[in-house]
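Novice: Turn this into a structure:
(2 chains)
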2 protein chains.
Amino acid sequence: MKVIQNIKVAVDAVVFGYSDNKLKILLIQQKFGTKSNKWALPGGFVKDNENLEKAVVRELSEETGVKANYLEQLYTFGEINRDERARVIAVSYIALINPKNYTIKADTDAKDAKWFNLNEIPNLAFDHKEIIDKGLERLKAKINYKPIGFELLNTKFPFSDLENLYQTILGKKIDRRNFRKKLLSFDILQETKEVQKIGSGRPAKLFKFNHKKYKELEQKGFHFEIKFV
Amino acid sequence: MKVIQNIKVAVDAVVFGYSDNKLKILLIQQKFGTKSNKWALPGGFVKDNENLEKAVVRELSEETGVKANYLEQLYTFGEINRDERARVIAVSYIALINPKNYTIKADTDAKDAKWFNLNEIPNLAFDHKEIIDKGLERLKAKINYKPIGFELLNTKFPFSDLENLYQTILGKKIDRRNFRKKLLSFDILQETKEVQKIGSGRPAKLFKFNHKKYKELEQKGFHFEIKFV
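Specialist: Predicted coordinates for the structure are as follows:
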């Protein structure tokens, strides 16, 4: 098949993390090229013998040392001049990880890699700001109908962490009482015997997300759905 | 920038139409290649000087003669062996059109082009069945929270057409009374002075979707949302 086309294919990852009640994003500092020193999303060119998902997993590992449990294709960016070096289309992914589980280490292609608060991101290379905006939009929408937020929390967490996570991502106050009632009614949160001391209040019970139970319920037609009025 | 990569980029369109109370899909019969005569989604390779959306609009026009009002990026398919001729990644799009507005005509690359009932599609080339499944999944989800279904109807339609459209896409009976009440409460349907005789019943009023009103409401924070319990 003879196709004359001069387009390269890259993958980029919008890696969200959550700690200290803040939503974070993992960025790398570019080592090579005209955008050297600029911060950008982790990512790179797809190899001929790997599918898109494998490419993004590999790039994440090579450039930052993280391995995402949750990875979802986001959108493909294909404007003609998004990279001045060549025509490159970027298949972007969202990844969710708990920053506590990894020591970030820049590797091979990257000069540095670190977490930034989402409201304090530096000037980014290419259209990466636009990709992040799209990723945030997806995350905001999706936590209302899929229990993906748990990927960002510790395995065991006080209920207030879950509330804060939702408030932080959605960027608004939620009715804590209704939120708690709703979430507990789903029967996918498992109360553990452990407690955690938070501030000056009395120790808070720790909960676990019950993946197995959720899968079972989902197969029976259960929809995780949170409505914020 | 020296990147050794042997991957081609194509776009493919899942074009949904609706007529005779059936959901349809627009397919083309391939003219060239090892898949000659096989039915497939309209689509083709992206040119170096056009963005992805322009490519899909061009391919649709060249292969089928249609121009979609509604076009939305769906998903990018990038498995290694999805096309045995070469490594090709396909950026897929959903398009919604009203079949009545177009005469389908196969052109340039396609031997034939026509509408198929969604439950009667032939064996398709590549992973195109998988792309259609993904497209249908998106359509089913999206008509519940965006008023895109109107793209599939005539400009003026009896309310029963809208009900049938939803029932057909969702593949289930809906509570017609609640559906009607809900839709009319949104105040985005405009009653016209025209009527249409359907079957043996009394003539039905025709409605129009008020795009302008919807845009205004949307800007004020209105969410189109239909819940089927």
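Novice: where does chain A have low pLDDT?
Specialist: Where chain A drops to pLDDT under 70, the residues are A:1, A:33-35, A:228-229.
Novice: Show me how it divides into domains.
Specialist: Segmentation of chain A into domains, based on automatic domain parsing, reads A:8-142, A:149-219.
Novice: Reformat those domains into JSON lines and put mean neighbour count next to each item.
Specialist: All C-beta spots, glycine's among them, are computed from the backbone N, C-alpha and C. Shown next, in JSON lines, are the domains of chain A (neighbours: other C-beta atoms under 10 Å in any protein chain shown):
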{"stretch": "domain A:8-142", "mean neighbour count": "18"}
{"stretch": "domain A:149-219", "mean neighbour count": "15"}
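Novice: List, one by one, the residues from chain A near chain B.
Specialist: A:1, A:3, A:5-9, A:33, A:45-53, A:73, A:75-76, A:78-80, A:85-87, A:89, A:91 (C-beta under 8 Å from any C-beta of the partner chain).
Novice: Could you list which of the residues you listed belong to strands?
Specialist: Taking DSSP state E, the ones among the residues of chain A next to chain B that sit in strands are A:8-9, A:45, A:73, A:75-76, A:89, A:91.
Novice: Closest to A:Pro99 out of these?
Specialist: A:Gln73 (22.5 Å; C-beta to C-beta).
Novice: Excluding chain neighbours, what is closest to that closest one?
Specialist: Computed as C-beta to C-beta, 6 or more residues apart in numbering or on different chains, the closest residue to A:Gln73 that is not its neighbour in sequence is A:Tyr93, at 5.6 Å.
Novice: For the helix or strand hosting the one you found, which strands pair with it and how are they oriented?
Specialist: Assigned by DSSP states H and E, A:Tyr93 belongs to strand A:88-96. Paired with strand A:88-96 in the same sheet, following DSSP bridges, are strand A:8-19 (parallel), strand A:70-77 (antiparallel).
Novice: For A:Pro9, give its distance to A:Lys38.
Specialist: One correction, residue A:9 is Val, not Pro. Applying C-beta to C-beta, to the nearest Å, the value for A:Val9 to A:Lys38 is 21 Å.
Novice: Now do the longest helix seen in chain A: distance to the chain's middle.
Specialist: Ordering each helix of chain A by length in residues (DSSP state H) puts helix A:128-142 first. Here helix A:128-142 is found 9 Å from its chain centre; the criterion is C-alpha atoms, centre = their mean, to the nearest Å.
Novice: list the helices and strands that helix packs on?
Specialist: With contacts defined as 3 or more C-beta pairs under 8 Å, 6 or more residues apart in numbering or on different chains; DSSP states H and E, helix A:128-142 has these neighbours: strand A:8-19, strand A:70-77, strand A:88-96, helix A:159-170.
Novice: and the angle for the third one with helix A:128-142?
Specialist: Taking axes from the mean of the first three to the mean of the last three C-alpha atoms, to 10 degrees, one finds strand A:88-96 and helix A:128-142 inclined to each other by 40 degrees.
Novice: next one: the second one
Specialist: Here strand A:70-77 runs at 130 degrees with respect to helix A:128-142, directions being taken by the same axes, to 10 degrees.
Novice: Please save the CA atoms from strand A:70-77 in CSV.
Specialist: The C-alpha trace of strand A:70-77 is given here as CSV (Å, rounded to 0.1, in the frame of the first residue of the first chain):
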residue,chain,number,x,y,z
TYR,A,70,-6.4,3.7,35.6
LEU,A,71,-5.8,4.7,32.0
GLU,A,72,-8.4,5.9,29.6
GLN,A,73,-8.1,7.3,26.1
LEU,A,74,-9.1,11.0,26.1
TYR,A,75,-9.0,12.6,22.7
THR,A,76,-6.8,12.9,19.6
PHE,A,77,-5.3,16.2,18.8
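Novice: who's in contact with A:Ser160?
Specialist: Contact partners of A:Ser160, counting by C-beta atoms under 8 Å, 6 or more residues apart in numbering or on different chains, are A:198, A:204.
Novice: What separation is there between it and chain B?
Specialist: Separation of A:Ser160 from chain B (C-beta to the nearest C-beta, to the nearest Å) stands at 28 Å.
Novice: rewinding a little: mind putting the strands paired with strand A:88-96 in CSV, distance to B:Gly199 included?
Specialist: As requested, the strands paired with strand A:88-96 are exported to CSV (distance: least, C-beta to C-beta, whole Å):
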stretch, distance to B:Gly199
strand A:8-19, 52
strand A:70-77, 44
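Novice: Show me what the helix or strand immediately after the strand holding A:Tyr93 in the chain packs onto, helices and strands only.
Specialist: Downstream of strand A:88-96, the first helix or strand assigned by DSSP H and E is strand A:110-117. Packing partners of strand A:110-117 (3+ C-beta pairs under 8 Å, 6+ apart): strand A:22-30, helix A:52-64.
Novice: Kindly recompute the last result at 10 Å.
Specialist: The contact analysis (3 or more C-beta pairs under 10 Å, 6 or more residues apart in numbering or on different chains; DSSP states H and E) places strand A:110-117 against strand A:8-19, strand A:22-30, strand A:39-40, helix A:52-64.
Novice: What are the contacting residues of it?
Specialist: Residues from elsewhere that reach strand A:110-117 (C-beta atoms under 10 Å, 6 or more residues apart in numbering or on different chains): A:15-17, A:19-20, A:22-32, A:36-40, A:42, A:44, A:59-60, A:62-66, A:99, A:102, A:104-107, A:122, A:124.
Novice: again, only using 6 Å
Specialist: By C-beta atoms under 6 Å, 6 or more residues apart in numbering or on different chains, the residues outside strand A:110-117 that reach it are A:17, A:22, A:24-29, A:31, A:63-64, A:99, A:104, A:106.
Novice: closest to chain B among those?
Specialist: A:Lys31 (13.9 Å; C-beta to the nearest C-beta).
Novice: Spatially, and excluding backbone neighbours, which residue is closest to the closest one.
Specialist: Closest residue in space to A:Lys31, ignoring its immediate chain neighbours: A:Lys111 at 4.4 Å, by C-beta to C-beta, 6+ apart.
Novice: how much space is there between that neighbour and chain B?
Specialist: Relative to chain B, and taking C-beta to the nearest C-beta, A:Lys111 is found at 18 Å.
Novice: how far away is that residue from B:Val57?
Specialist: Distance from A:Lys111 to B:Val57, by C-beta to C-beta: 40 Å.
Novice: A:Ile28 now?
Specialist: 35 Å.
Novice: now A:Gln30
Specialist: 34 Å.
Novice: Next: A:Val3.
Specialist: In terms of C-beta to C-beta, A:Val3 sits 19 Å off from B:Val57.
Novice: if we can go back for a sec, closest to B:Asn210 out of the ones in strands among the residues of chain A next to chain B?
Specialist: A:Tyr75 (29.6 Å).
Novice: Now do the same contact list for that closest one.
Specialist: A:Tyr75 is in contact with A:92, A:134, counting by C-beta under 6 Å, 6+ apart.
Novice: How about A:Lys67, nearest residue that isn't a chain neighbour?
Specialist: The shortest distance from A:Lys67 to any non-neighbouring residue, by C-beta to C-beta, 6+ apart, is to A:Ser61 (6.2 Å).
Novice: Which secondary structure state is assigned to the closest residue to A:Asp187 other than its chain neighbours?
Specialist: Closest residue to A:Asp187 apart from its sequence neighbours, by C-beta to C-beta, 6+ apart: A:Lys213 at 6.9 Å. Under the three-state scheme (DSSP: H, G, I helix; E, B strand; the rest coil), A:Lys213 adopts helix.
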